[in-house]
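Undergrad: I need the structure of the sequence given here:
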Amino acid sequence: MRLHWPAAAQEWTEALPVGNGRLGAMVFGGAGRSRVQVNDATVWSGAADGPAKALADVVASGAGLERLAQVRQAIFGGDLERATQLLMSFEGPYSQTFLPYVDLWITLPDGESHGRTLDLNTGVVTERLTIGGKDVVRRVWTSETALCVEITGAVPLDVEITTPLREVSRNGLDLVIEIPVDSAPRHEPQVDAPVYGDGERGTVTVRRKSGDRWLLTLTSSTTTEKYWTGQRRSDLPSLMDACDVRFGDVPDVVNVPELLQGKDEQLTASVLFAFGRYLLASSSRPGAPPANLQGVWNGELRPAWSSNYTININTQMNYWAAEVTGLAECHEPLLELLEKLAVTGADVARELYGARGWVAHHNTDAWGWALPVGMGHGAVSWALWQMGGAWLVQHAWDHYDFARTWSTLERAWPLLRGCAEFLLDWLIEGPDGYLDTCPSTSPENWFLVDGNPQALTWSVTMDVTLIRAVFERTLALALASGRTDPVIAEISAALPRLRPFPVLDDGRLGEWVSDLPEEDPTHRHMSHMVSVYPLGQIVAGTPLGDAAVATLDKRGNGAMGWSWAWKMALRARMGDGDTVRSLLSEASQAFTGDRHRDAPFDGSEWGGLLPNLFSTHPPFQIDGNYGFTAALAEVVVQSHTGVIDILPALPSGWTRGEVRGLRCRGGLAVDVSWDAGDVFVRVRRLSGDAAEVVPVSVSGEVTEVVVSDVVEVRGRISC
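TA: Presented below is the predicted three-dimensional model:
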């Protein structure tokens, strides 16, 4: 699939992304002086010892187990104002920022651009120009080690390199850059950013070769790259070729401005599925930090929310599509970050909460930040949430569950075991005998007490759901590996004492421990619905499934990029393909507002897609793009119940399509084609058990097949 834009970019939100996981670049194009804005995934403010220093300062200020007991006493006693003030003392400074790096400027003679085309399989941006009556072609891509620019057509050029960071030295097109030692998000205007000192450094080198063509190569080396050890094993074409999903007719070249007019919903779905995979494969490879809030593309010194990792939904959504769409290798940087958090988070668990294991909160960064952020004034509704690690660690389980190999099990076990240890120590016995989590918040949402917004309570649904998932999956890993471990008995005793899912009098799944009045009944976060997607604890066609649908109905469709994507995945899990379609239609509208201003959260300026197909609120956040891919995968194949469910949420009228290489739990891959109701399914074994009975469901009719290599199933659907 190739995506075409008929003109060069005038600004960043029109530029096209290329990347190899380590280097990312935004390609503007055009004759005259044109820009290629370059990022390096290892260029973050801060330092490796930053988390430890911040933790020591917070503990020195009085935060710790004694104050935690005071917080809990205040919450159970109904003094939420006192609990809030006490808990804010647990906040450290902000986690660090993913920074822009350099700009590569290429000056050609004036001429005319005939547009840019991005090949999603090769990651090459091709631009055709007319300069002085001659045809000129410029191609931009990333190899395994470099950013490459090729220009053919015998034209003179000039090359310049600049940086928004501090320049240390320059020798022609060799540049040494100092990286700031501290930074804060732009919603903290009173904090100077960035702050320089004795920081890390980066070296950028540009080389030029000429002959019948120009070839420019830009390479980068940083002093922070040694902190990332993963080994790359494949290139972009092999990653992209692993999976494909197409609805209806998909041309070889898609005109993006025409696509954004919204006239072909099936083509839009096909493009967004492929584009999300391309962005993940281009921004997340072993040997570099995982994809952040903007993937690996950021042009601002103070980007929104520091362009780091928000782990109450956004980082998780970045990787929902990794396993199911054949990008398991792209998942590995996130697993490496989890392994860093298991170290830094162990210190936080011990010093702040007197607990074993490891913990993480609302944010993390490339250094493994695990402390609450907020500088003592961050709202407790988001800053003081102890379940960030409990949600993020589910990705270690997914990496195992889709492959079912010994190596993925051995990688997941210590991560889940350590998280489970923290949760066992975090739980306290409540007044009615249940084990409670306290303090407890439902991320970024508020309830009302005497008309005043409050966030602190105990055992919110999301907390209990995540704890249950960690406990059950830790036990499953122990069983699969034949382990005996003291934590197994502790988990087995604690599991039945967790609170059950609350169902409210109006039939909805409850978000809080009791039926509390909501400050915002249509809130963008669907935190208590994590039980439906991605965890699969609540399924369609059950009383709890009905309660989940009632909750979705009450929340409504309107959202922002990532929230639309989550709602699409949730509706797909409930088998509601037509609502998936309406959500996709909202989310894929061209954004016509002010791209340069951060929109409010009240829904008045919720955005769709930017000209380059990036998802926006605004500001731009890449999680929406990744989430669309994951949600559309759920439309065509689901496997979370132990059954391979084919086309469980296909929108009506989507009568023809083809799927190749979607992964299912248990080491399986599925190919599906359908046309006018006839369905053909091929199930292939990739790893795991040599031969296993696998139920395959088409329109509710289940066929049990033994998958040792490849088996085929045929059926009918109503479409």
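Undergrad: Flag every buried residue along the helix or strand where residue 220 lies.
TA: When elements are assigned from DSSP states H and E, residue 220 belongs to strand 213-222. Buried residues in strand 213-222, counted by 16 or more other Cβ atoms under 10 Å: 214, 216, 217, 218, 220, 222. Bear in mind the C-beta positions are built from the backbone N, C-alpha and C, glycine included.
Undergrad: swap in stretch 411-424?
TA: Buried-residue list, stretch 411-424, by 16+ other Cβ under 10 Å: 411-413, 415-424.
Undergrad: For those, give me a markdown table that also has secondary structure, distance to residue 48 and pLDDT.
TA: Output for the buried residues of stretch 411-424, formatted as a markdown table (DSSP: H, G, I helix; E, B strand; the rest coil; distance: Cβ to Cβ, whole Å; pLDDT from 0 to 100):
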| residue | secondary structure | distance to residue 48 | pLDDT |
| --- | --- | --- | --- |
| 411 | helix | 22 | 97 |
| 412 | helix | 25 | 98 |
| 413 | helix | 26 | 98 |
| 415 | helix | 20 | 98 |
| 416 | helix | 25 | 98 |
| 417 | helix | 25 | 98 |
| 418 | helix | 20 | 98 |
| 419 | helix | 22 | 98 |
| 420 | helix | 27 | 98 |
| 421 | helix | 25 | 98 |
| 422 | helix | 23 | 98 |
| 423 | helix | 27 | 98 |
| 424 | helix | 29 | 98 |
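Undergrad: in a strand, that's where residue 197 is, yeah?
TA: No - under DSSP: H, G, I helix; E, B strand; the rest coil, residue 197 falls outside any strand and is assigned coil.
Undergrad: How many neighbouring residues does the residue nearest to it when sequence neighbours are not counted have?
TA: Counting by Cβ to Cβ, 6 or more residues apart in numbering, residue 181 is the residue found nearest to residue 197 once chain neighbours are left out, at 4.1 Å. For residue 181, the count of nearby residues is 17 (other Cβ atoms under 10 Å).
Undergrad: got the contact list for residue 181?
TA: 45, 46, 47, 195, 196, 197, 198, 199 (Cβ atoms under 8 Å, 6 or more residues apart in numbering).
Undergrad: OK, contacts around the closest residue to the first one other than its chain neighbours?
TA: What it means is residue 45. Among residues not flanking residue 45 along the chain, residue 183 sits closest, at 3.9 Å (Cβ to Cβ, 6+ apart). Each residue near residue 183 by Cβ under 8 Å, 6+ apart is listed here: 45, 46, 94, 96, 97, 99, 193, 194, 195, 301, 302, 306.
Undergrad: Make a PyMOL selection of the buried ones in those.
TA: The buried residues among those can be selected in PyMOL (16+ other Cβ under 10 Å) with this line:
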select buried, resi 45+46+94+96+97+99+193+194+301+302+306
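Undergrad: The contacts of residue 183 in strands, which ones?
TA: Nothing among those maps onto strands, per DSSP state E.
Undergrad: so is residue 395 in a helix, a strand, or just coil?
TA: Relying on three-state DSSP, one would call residue 395 helix.
Undergrad: Quick check, it in contact with residue 335.
TA: Yes - using Cβ atoms under 8 Å, residue 395 is in contact with residue 335, at 6.9 Å.
Undergrad: So which of the two has more stuff around it?
TA: Between residue 395 and residue 335, residue 395 has the larger neighbour count (other Cβ under 10 Å), namely 25 against 21.
Undergrad: got JSON lines for the buried residues of stretch 411-424, with distance to residue 563 too?
TA: Below are these laid out as JSON lines (distance: Cβ to Cβ, whole Å):
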{"residue": "411", "distance to residue 563": "31"}
{"residue": "412", "distance to residue 563": "29"}
{"residue": "413", "distance to residue 563": "33"}
{"residue": "415", "distance to residue 563": "28"}
{"residue": "416", "distance to residue 563": "28"}
{"residue": "417", "distance to residue 563": "33"}
{"residue": "418", "distance to residue 563": "31"}
{"residue": "419", "distance to residue 563": "26"}
{"residue": "420", "distance to residue 563": "30"}
{"residue": "421", "distance to residue 563": "33"}
{"residue": "422", "distance to residue 563": "29"}
{"residue": "423", "distance to residue 563": "27"}
{"residue": "424", "distance to residue 563": "32"}
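Undergrad: Pull the most distant pair out of the residues you listed.
TA: The largest separation in the buried residues of stretch 411-424, counting by Cβ to Cβ, is between 411 and 424 at 21.7 Å.
Undergrad: count of residues packed around the residue nearest to residue 397 when sequence neighbours are not counted?
TA: Spatial nearest neighbour of residue 397, chain neighbours left out: residue 473 (4.6 Å); criterion: Cβ to Cβ, 6+ apart. Per other Cβ under 10 Å, the neighbour tally for residue 473 reads 22.
Undergrad: No further queries at this time; thank you.
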